[in-house]
Structures are given as structure tokens and as C-alpha cells.
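K.L.:
model the structure of this input:
(2 chains)
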Amino acid sequence: MTGPPEFRDLIGDEVPAEERARLERVHELLVEAGPPPEMPPSLLEAPDRRAQPVSFLPRRRAGAALSLAATIAVVAFLGGYLLGFRHNSFDSTRELPMHGTSIAPTAQAVIKLGKRDKAGNWPMVVTVKGLRPLPERGYYELFVKRDGRFLRCGIFNVEAGTTSVDFSVPYSFERNDGWIVTRWRRGEDEPGPPLLTTS
Amino acid sequence: MTDGELIARVGEGDSGAFELLYRRYARPVFALALRRLGDRGRAEDAVQETFASVWRSAGSYRQERGPGAPWLYAVARNAIVDRRRALGEPASEPVDEPSKDPGPPERAESSWTAWRVYRALAELPDHERQLIELAYWGGLSQSEIAEFLNVPLGTVKTRTRSALARLADLLEGELS
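P.N.:
Have a look, this model is predicted:
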């Protein structure tokens, strides 16, 4: 489906006329407003007023502090299962943290990217936490965005807790516009709404 | 608690009220800044500056003069204009020739609509906000949402109607 939803499809025919008019006005406002932007991780928490009663940190310093906090969080996130981690020999060249969108606010993930192999494939290990297990024939899917197009990297299932999956794809990751995880949709070329994102 | 009451408490140095106000308004401020500045990094700066300004100037807010949402909108707009000036850019884009794009009054109206809508969305319970986002901006039909969230179609429809009704209450109330 593309474009805004049909109002009638949303609420059906059983709503009294007065209430219908009230809801339709909200519908029009939602369409007019358009999608809210995805919030950057640095703005998810209110600044600590007690620590900084008057002035805020400049963003670069705040960014550095947040990067440190994010690093600690990632280390803590990975630390919990490190001993049993079956990919601990994976030789990663880069690690990309992902955070949950407003659809899956408690989800988080780390993508570890490896070196290109002799056959020209790029391996990666994706560790995901906080996504709910899906019913049978339901999958999550990882995409990388490059030049405005979404490229498939693989589908996967999760279990309660933390899940790690291996992928190997023939795309170079040297330049990209971000990564997303969404629900796999049968027969759809475009990804659905992102549940995790690197942006 | 209304936005006006929260701002009044922030004016008295209440950190809890500040955090609640931030949760309600961080996204509307970021959206407005992104729309005006066109750059996520600069928009992040503008959010920081807006809330720094809220903290500093909340003491001057008077509830009897009007609700909190327009006051916060004015604070955010000023912070964004200041950021543009600091970067040596004009406060508003010059209009060289007629355009089909919305002009400043329409753009301002559209920004205010988005501001009110995003603020109201922040008040919805998570399960209702998720449905609205998937229905309006996720490109999913009601059946696809039901499958996506693994809930019955009837539940999706009931919750969607409930979410729209809650948004109507919010948008008709303090934000009007």
C-alpha cells in the first residue's frame, strides 16, 4: 500500500456522524503533518539539568560523551553473553550499533563487519536483542541502503534474549547510507517500516 | 499535567517537569528544526539550544497569557533562527520568483500543524502510537499491520479508532 490510508478503511462504518467528523479532522491533520523524523540517539534522553544547570554541552562534546556512553552500552550489551558467544573468533573490521525505532523502542543490535573473502563476499555477524520472536513464517530482514536503494542482506529469526546470525553478501560496505532491520514481507521489493536503524 | 503547568514548574527549577516536557516536545522541536535547517546535525544543536532556552526563560512564562504549546513553539523558532544567524544565513529564505511550493505563511501553518500532531502523538500509549505510525507512514494496510504486529485485524481497527479519538481529544484541548 502506498500513500495515506483511506479514512473509511481505518474506522469502518459504525461510527456516529459527529464522532466520524471529529476523527476525520485528525486524519487530515496526520496526513498533512507527514511522518515525524526518526530521533537521533543523542536526543532520546533529556539533558541532565542538575549536572548542567545553565548551559548545555556543545554538541561535539555532548556527542563525544554520548559516544562514550554508547560504547559502554555496547560493551555491556555484548559482555553479557560474550563467554558463550559462538562468533568470538570473528575478525571484525568495524562495528555498527543499531537502535530501535519508535516501533521497537527497546530493540538494539550490533553489526560486525568482516574483511572481504577471496570469493568477493563480505561477511558480517549481526547480534540482536529486544526483538520479539515471530510466529511461523515470520522473519526479520536486514537491509543496507546505498545510492537511495535498499539492498537485501538476509533474513533471520530471533529467540527471546539475544540472537546472533551470520550473513555474507557480495556488496561492498565501504560507502552506504545506513542500515535497517524490518519485518520481512512476502512479495515486496521495498522494505517495510524499520524496527532498527543505524541513523 | 498541562504543558503550561509543566513550564511553570520548570520556571521554579523542577528537573522532573523539565524531563517530562522534553519527552513531550523533543520530537516536535527536532522536526521543526530539521524542516527549517535541513541538516540533522544542526537540528540536533537547535534542540539543545531550545531546551537550554526553555530552562533559562521558563520563569517568564505566564499561564494566564495562553497555553504552553505556542510559547514553546516560539522559543523553538527563535532558537532555530538564532542558529541560522550564527551560521551567517538569512533568517528566512528569500523568494526570487513565484513558486508552486508553499510560501512562508503556508509553511508556517504546516510547521504548526506538524508541531501539534507530533506533540499529541507523544501522549499516546506505545501500542496506539505504533499503529498510527504504521498506518499513516509505514505504508501498511490494516491487514498488513495485523500480520506485522501479530494481533487480530479487529484489534488493529479498534485500537486505531481509539488512537484517533485520543488524538482528537488532545488536539481539541490545550493544543488548539
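K.L.:
low-confidence stretches in chain B?
P.N.:
Along chain B, segments meeting pLDDT under 70 span B:89-108, B:173-176.
K.L.:
need the distance between the two termini of stretch A:93-112.
P.N.:
For stretch A:93-112, the first-to-last residue distance is 7 Å (C-alpha to C-alpha, to the nearest Å).
K.L.:
would you mark the buried spots in it?
P.N.:
For stretch A:93-112, the buried set under the neighbour-count rule, 16 or more other C-beta atoms under 10 Å in any protein chain shown, comprises A:96-104, A:107-112. Where C-beta positions appear, they are placed from N, C-alpha and C, glycine not excepted.
K.L.:
list just the nearest of these to chain B.
P.N.:
Relative to chain B, the closest of the buried residues of stretch A:93-112 is residue A:103; by C-beta to the nearest C-beta it sits at 5.4 Å.
K.L.:
dihedrals phi and psi, the closest one?
P.N.:
Taking degrees, to the nearest 10, you get phi -80, psi -30 for the backbone angles of residue A:103.
K.L.:
how much space separates it from residue B:16?
P.N.:
Residue A:103 is 28 Å from residue B:16, where distance means C-beta to C-beta, to the nearest Å.
K.L.:
same thing with residue B:7?
P.N.:
Per C-beta to C-beta, residue B:7 is found 13 Å from residue B:16.
K.L.:
out of the two, which sits in the busier spot?
P.N.:
The neighbour count for residue B:7 versus residue B:16, taken as other C-beta atoms under 10 Å in any protein chain shown, is higher for residue B:7 (26 against 12).
K.L.:
quick check, the more buried one in a strand?
P.N.:
No - using DSSP: H, G, I helix; E, B strand; the rest coil, the secondary structure at residue B:7 is helix, not a strand.
K.L.:
what's it in contact with, if anything?
P.N.:
By C-beta atoms under 8 Å, 6 or more residues apart in numbering or on different chains, residue B:7 lies in contact with B:17, B:21, B:54, B:58, B:61, B:63, B:68, B:71-72.
K.L.:
wait, what's in contact with residue A:150?
P.N.:
Each residue near residue A:150 by C-beta under 8 Å, 6+ apart is listed here: A:143-144, A:180, A:190-191.
K.L.:
elements contacting the strand or helix carrying residue A:144?
P.N.:
In this assignment (DSSP states H and E), residue A:144 forms part of strand A:140-146. Secondary structure elements in contact with strand A:140-146, counted by 3 or more C-beta pairs under 8 Å, 6 or more residues apart in numbering or on different chains; DSSP states H and E, are strand A:149-156, strand A:179-183.
K.L.:
tilt between whichever helix or strand comes after the longest one and strand A:149-156?
P.N.:
Downstream of strand A:149-156, the first helix or strand assigned by DSSP H and E is strand A:162-169. With axes from the mean of the first three to the mean of the last three C-alpha atoms, to 10 degrees as the basis, strand A:162-169 and strand A:149-156 are set at 130 degrees to each other.
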